[in-house]
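> What follows is a predicted protein model with its sequence.
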Amino acid sequence: MGKTQILKIISVAGAFLVGFWIPLRLIGYIPDPHMEIVFDLLISAVAGINVYLHFNKPEKNIRKLSSWMSLGLVCDLICLLPLSLVAFVFLKTTVSGLLLFNLLAARHVRHIKGILDNFGHLQPITYRLVPIFVMIPLLLHMIACAWIYLGSGTAGPDSDKVFEYVKALYWAFTTLTTVGYGDISAKTIPQMLFTCGVQVTGVGVFGFILSNMASLMARRDAAREHHMDNLDKVESFMRTHRIPTDTRSKVRSYYHYMWQHKKGYRDHSALEDLPKKIQSELFFHINKPVLEQVPFLKGASHDLVEDLMNELEIRVCVPGEKVFRIGDDGDAMYFIYKGAVDILANDGHLIAHIKEGSFFGEMALLRGGQRIAAAQATQFCDLHVLKKEAFEKVCQKYPEFLQHIRSVVQERVA
């Protein structure tokens, strides 16, 4: 975490403190002038940080002074002045009305979104929930303090300041969410006008919260919705064409497997929008444990292995499915990411049982020609397929690797 990031966190924390403390001071909850001066100096320090952050932007052109000026800078410069200290020095008392200027610093609480952007490990849901859980309590606090300042309506003032504040917070919450019970209502014209403003604000705030929560819930289970939508379409298709029950069971088993292991997605199409370099890093992380076991790739350069992995295709096989048959063209080799495969002779005799993390079909790829054995999935299998065309493309790019392959083939033939 760099210096700028730390200063931004201090700025947001200071904005939250300003939004909480100044409304309480304006309604007389903290009458101690010395405490007011301390808070005023803290606000000035935070304002100084905000001014520094304003000027510490690389896109600003120092030769164009107009690009530096903004209403936000003016507000921060006002907050930079220790108004309470000045009033105490010259007037021997503090002036609460001057604190309204310092309240301008509370606007920086909205920059919490920019801070969250710098934390790459956070989940998307966090980016949307944290600002809500920070800003809504602050808004409720300000409305409650304003309601106390206006007389608390029919509830009236109370000698117990904590109880009075809790009642005002209760009124603010019920009014802002537009579910007010009427037990506390406005009496004066200012209170009525203020209540109307809070209700109008509440419509927007409550609607914003509901829409965000609905969106978050939908996003949270987007993969399941995608999977269920596909399954509904397939079920409708099978009913329309009166597919036999055993075939339906196989189809459902396939979709169940896809959901359990891939959350309904059959390939890496979700990554297509990423830059090629990032895709390569992802594929390298996914496929590295399997590819490291391939003998003819031992000693190969990182770039070569990365290029090979970019050429891999994904294939899902169901139990009993033939991956290839005897006599098929040797046009690919296969890496087992999940599952198991049996290699069978012409008479059905088991030659080898290959499990997760292994590979097969490499000799036909290296030497060409037809398959001399068959491969059959014994369970649901995730296979990564390296086609012959893609393999030759990489070999042309790395001639030294091609020589290495030829030596490997000669050793195996001998």
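The structure has been received and is ready for your questions.

> Can you list the low-confidence ranges for the stretch 1-150 of the chain?
1, 30-33, 57-69, 84, 87-89, 91-98, 117-125 (pLDDT under 70).

> what about the strands in it?
Using DSSP state E, counting those that start in this stretch, the stretch 1-150 of the chain contains no strands.

> again with the stretch 301-414 of the chain
313-317, 322-324, 332-338, 340-344, 350-355, 359-360, 374-377, 381-387.

> want to throw those into TSV with distance to residue 81?
C-betas here are computed from N, CA, C, even on glycine. Formatted as TSV, those follow (distance: least, CB to CB, whole Å):
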stretch	distance to residue 81
strand 313-317	64
strand 322-324	77
strand 332-338	65
strand 340-344	75
strand 350-355	73
strand 359-360	72
strand 374-377	76
strand 381-387	66
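
> The residue nearest to residue 70 when sequence neighbours are not counted - how many residues pack around it?
Closest residue to residue 70 apart from its sequence neighbours, by CB to CB, 6 or more residues apart in numbering: residue 54 at 7.7 Å. Residues lying near residue 54 (other CB atoms under 10 Å) number 15.

> ok, now residue 365?
Count around residue 365 with other CB under 10 Å applied: 18.

> That one and residue 388 touch, don't they?
Yes: using CB atoms under 8 Å, residue 365 is in contact with residue 388, at 5.7 Å.

> any shared contact partners between those two?
Shared contacts of residue 365 and residue 388 (CB atoms under 8 Å, 6 or more residues apart in numbering): 330, 331, 332.

> what's the closest non-adjacent residue to the first one?
So the one you mean is residue 330. residue 364 (2.3 Å).

> contacting residues for the closest residue to residue 103 other than its chain neighbours?
Once flanking residues are discounted, residue 103 sits nearest to residue 22: 5.0 Å by CB to CB, 6+ apart. Neighbouring residues of residue 22 by CB under 8 Å, 6+ apart: 99, 100, 102, 103, 106.

> Relative to residue 145, how far out is the third one?
When distance is defined by CB to CB, to the nearest Å, residue 102 is 15 Å away from residue 145.

> These two: which is more packed in?
Neighbour comparison, residue 102 and residue 145: the larger count goes to residue 102, with 26 against 23 (by other CB under 10 Å).

> ok, the more buried one touching residue 80?
No: with contact defined as CB under 8 Å, residue 102 and residue 80 do not form a contacting pair (9.9 Å).

> what's near enough to touch the nearest residue to residue 319 once chain neighbours are set aside?
The shortest distance from residue 319 to any residue other than its chain neighbours is 5.2 Å, reached at residue 379 (CB to CB, 6+ apart). Contacts for residue 379 (CB under 8 Å, 6+ apart) come out as 319, 339, 340.

> quick one: which of these is most hemmed in?
So for these (other CB under 10 Å), the most neighbours sit at residue 339, 21 neighbours.

> Which elements pack onto the lengthiest helix in the chain?
Secondary structure of the chain per DSSP state H: the longest helix is helix 189-220. In this structure, helix 189-220 makes packing contacts with helix 124-149, helix 161-176, judged by 3 or more CB pairs under 8 Å, 6 or more residues apart in numbering; DSSP states H and E.
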